[in-house]
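Asks: okay, here's the prediction I keep looking at, along with the sequence it came from:
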Amino acid sequence: MDARDGERTGVAVEEEARGEAAEVTGFAGIIGRHPRMQAIFEVIRRVAPTGVTVLITGESGTGKELVAQAIHSQSRRHAQRLVPVHCGAIPEELLESEMFGHERGAFTGAVTSRVGRFKLADGGTIFLDEVGDMSTKLQVKLLRVLENGQFEPVGGVSTQQVDVRVVAATNRNLEEAVGDRQFREDLYYRLRVVPIEVPPLRARREDVPLLVDWFLNQMHTAKGLPRFEISPAAMEVLTAYQWPGNVRELKNLLEQLVVLGPTDGVIRPENLPPKLHGRMAGDGATSGWTTPPWDFDGRGIDFYREMESIEDRIIARALDISRGNKKEAARLLQLNRTTLLEKLKRKRESRTALGLGEGGERLGPMPIAVEPQGTPIGDFLGLAGGQALRA
Ligand SMILES: Nc1ncnc2c1ncn2[C@@H]1O[C@H](COP(=O)(O)OP(=O)(O)O)[C@@H](O)[C@H]1O
Ligand SMILES: [Mg+2]
């Protein structure tokens with residue numbers, strides 16, 4: 001840390017002065033009203049001016065790079081450079097020279113010397129993206145710069161000294177990588193002085209409409225694309241979707257819709273790709289299955305219970321279509337009739353053991369599928385005194 005780090009910056013104060021409107025919808029270009037995002041904004045505000053190392057974790061597309069940019073722009077170093085290094089995409093030798101530079105003749109093809117990214121970032125911030133993919137050899141070198149700002153360029157003998165603030169990001173579980181000895185424990189703790197975990201978009205669904213409005217507006221004002229609106233029904237579909245690619249996936253989809261989408265400028269459910277409608281593979285368009293809310297949300301889910309619950313829904317649906325005829329349901333499920341009966345029996349027993357059943361209770365953590373003329377799952381699994389089990 002040096003004189004550049006310390007007091008709160010003018011930028012941060014300005015942000016606060018702008019008051020609540022800025023607070024609710026976002027911070028430094030990061031949109032989010034969800035409490036977890038608000039908490040992140042607060043951490044950025046507090047940590048940015050200090051110059052300490054920050055480790056940002058989160059799935060791909062959640063906005064880790066935006067967070068890194070915010071930390072830099074709110075810091076005393078904001079007039080200096082923010083230099084990104086993408087550690088994942090590059091082979092080890094190249095990455096070393098990319099980060100630390102090399103001397104002329106250091107290796108075949110090194111006809112001139114080269115200044116590395118750490119030197120370029122001197123006085124500013126370096127953003128080490130996908131730091132979890134770095135080789136253990138480079139991890140040692142990185143640890144040293146973090147400790148005392150020193151390194152040698154590849155093929156060089158003279159030690160260089162820099163003053164660089166390090167912000168790192170990864171979508172890997174570094175704790176696990178430490179356990180598997182793929183990531184150095186000392187480096188892990190040195191990086192995560194302040195950890196920031198960016199939640200997946202599906203764990204903060206209430207931010208989806210905010211982001212949609214933000215991106216639609218931005219595409220118009222910043223990129224000069226036509227102004228688009230979105231129907232409430234389409235917004236609902238977007239909010240319910242799982243977003244495995246997170247905000248990046250949402251942003252790309254909206255861009256695609258604005259460029260190639262409906263000519264009347266209104267995005268409706270039928271303009272959205274089929275996968276967004278949450279239908280299960282091979283399921284008819286009319287069955288009304290919705291995607292279950294696997295939010296994980298940092299805590300994880302009970303995998304076996306979820307699988308059980310999905311099985312319940314599939315069986316319920318088959319029994320629904322077969323109007324309770326188990327032979328027909330077994331045919332639809334491509335199961336032996338006895339296999340289906342066994343499953344039903346086992347399910348009923350495990351539910352009785354758990355004190356569930358006797359008709360109607362929700363089974364498992366998922367809401368029961370919305371089915372047009374459906375039978376609630378409890379009707380056959382609960383179950384009206386076991387009636388449904390007698391074939
Ligand atoms: N909360 C957010 N508000 C606005 N834009 C966002 C947000 N999160 C991500 N984005 C946008 O989504 C894209 C992916 O974000 P990025 O920071 O590169 O994600 P990551 O580094 O986690 O993969 C970028 O275009 C970014 O501007
Ligand atoms: Mg990224």
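Replies: Everything's here; your move. Ligands and ions are numbered 1, 2, ... in the order given.

Asks: show me which residues of the stretch 251-391 of the chain sit near ligand 1.
Replies: residue 251 (C-beta under 6 Å from any ligand atom). Quick note: C-beta positions are derived from backbone N, CA and C, even for glycine.

Asks: quick one, what contacts the residue in the chain that ligand 1 sits nearest to?
Replies: In the chain, the residue that lies nearest ligand 1 is residue 63 (2.6 Å; C-beta to the nearest ligand atom). Residue 63 makes contacts with 30, 198, 246, 247, as judged by C-beta atoms under 8 Å, 6 or more residues apart in numbering.

Asks: buried members of the residues you listed into PyMOL, please.
Replies: Buried residues among the contacts of residue 63 (16 or more other C-beta atoms under 10 Å), as a PyMOL selection:
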select buried, resi 30+198+246+247
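
Asks: from the contacts of residue 63, which are also near ligand 1?
Replies: Near ligand 1, taking C-beta under 6 Å from any ligand atom as the test, the members of the contacts of residue 63 found are 30, 247.

Asks: now for the contacts of residue 63: which two are most distant?
Replies: 30 and 246 (12.9 Å; C-beta to C-beta).

Asks: tell me the pLDDT at the residue of the chain closest to ligand 1?
Replies: The model reports residue 63 with a pLDDT of 97.

Asks: just to revisit the earlier point, keep only those of the contacts of residue 63 that are in helices.
Replies: Of the positions in the contacts of residue 63, 246, 247 sit in helices, assigned by DSSP state H.

Asks: and of the contacts of residue 63, the nearest to residue 307?
Replies: Closest to residue 307, out of all of those and judged by C-beta to C-beta, is residue 246, at 24.3 Å.

Asks: hang on, the closest one packs against residue 64?
Replies: No: Residue 246 is beyond contact range of residue 64, at 9.9 Å (criterion: C-beta atoms under 8 Å).

Asks: chain neighbours aside, what residue packs nearest to residue 243?
Replies: Closest residue to residue 243 apart from its sequence neighbours, by C-beta to C-beta, 6 or more residues apart in numbering: residue 201 at 4.2 Å.

Asks: ok, how many other residues are close to that neighbour?
Replies: 27 (other C-beta atoms under 10 Å).

Asks: name the residues of the stretch 51-200 of the chain found near ligand 1, please.
Replies: 58, 60, 61, 62, 63, 64, 65, 66.

Asks: who does the helix ranked longest in the chain touch, helix- and strand-wise?
Replies: Ranked by residue count under DSSP H, the longest helix found in the chain is helix 303-321. Packing partners of helix 303-321 (3 or more C-beta pairs under 8 Å, 6 or more residues apart in numbering; DSSP states H and E): helix 326-332, helix 337-353, helix 378-381.

Asks: reformat those as a markdown table; add distance to residue 104, mean pLDDT and mean neighbour count.
Replies: Listed next are the helices and strands packed on helix 303-321 as a markdown table, based on distance: least, C-beta to C-beta, whole Å; pLDDT from 0 to 100; neighbours: other C-beta atoms under 10 Å:
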| stretch | distance to residue 104 | mean pLDDT | mean neighbour count |
| --- | --- | --- | --- |
| helix 326-332 | 72 | 89 | 17 |
| helix 337-353 | 71 | 79 | 15 |
| helix 378-381 | 74 | 37 | 22 |
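
Asks: so which of those gets nearest residue 37?
Replies: If you check each of the helices and strands packed on helix 303-321 against residue 37 by C-beta to C-beta, helix 378-381 wins as the nearest, at 37.4 Å.
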